[in-house]
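Trainee: no sequence on this one, just coordinates:
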């Protein structure tokens, strides 16, 4: 979110769309790869929808072509897109991976979560006595 705000202040909307579209296509392909790996490693788990493996493999072939073409034609845009993705790594380590956080860090995270929920009207806030009254 912070990277997006900085890009919006410095650049134009077209540049932001290019960054986000590269990130989206990258995430779609990684998701399809994950589905194929799960299908291969855990073939017996319940799947509500099952398709022939030819469909995701064909999708991945086109995905790889488009991704390589994007990297070749606009390497700077793709590099900035990758940097935007990598800005989430410290957030993951601070928020998820680090299990034994001090209480002050937990309170800060809870406060930021509650504030974000109220700001975006995502869910009903559950972090204070004012809402209960």
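Mentor: Happy to help now that I have it. Please read all numbers here as calculations on a predicted model, not as lab measurements. Numbering: from 1, shown residues only.

Trainee: any weak-confidence spans in this protein?
Mentor: Applying pLDDT under 70 to the chain flags the ranges 3-4, 7, 10, 124-133.

Trainee: the host helix or strand of residue 113: which residues count as buried?
Mentor: Using DSSP states H and E, residue 113 falls within helix 103-120. Neighbour-count burial for helix 103-120 flags 113-114 (criterion: 16 or more other Cβ atoms under 10 Å). (C-beta placed from N, C-alpha, C; glycine too.)

Trainee: what do you get for stretch 62-70?
Mentor: Burial within stretch 62-70, assessed by neighbour count using 16+ other Cβ under 10 Å, is assigned to 63, 67, 70.

Trainee: closest one to residue 93 out of those, please.
Mentor: For the buried residues of stretch 62-70, the closest approach to residue 93 (Cβ to Cβ) belongs to residue 67, at 26.7 Å.

Trainee: for the closest one, which residues are in contact?
Mentor: Residues near residue 67 by Cβ atoms under 8 Å, 6 or more residues apart in numbering: 25-26, 29.

Trainee: please tell me how far it sits from residue 115.
Mentor: Per Cβ to Cβ, to the nearest Å, residue 67 is found 36 Å from residue 115.

Trainee: follow-up on the earlier one: got TSV for the buried residues of stretch 62-70, with distance to residue 55 and secondary structure too?
Mentor: Shown next, in TSV, are these (distance: Cβ to Cβ, whole Å; DSSP: H, G, I helix; E, B strand; the rest coil):
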residue	distance to residue 55	secondary structure
63	12	helix
67	18	helix
70	22	helix
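
Trainee: what are the boundaries of the helices in this protein?
Mentor: Under the criterion DSSP state H, the chain carries helices at the ranges 2-10, 13-41, 54-73, 75-86, 88-92, 103-120.
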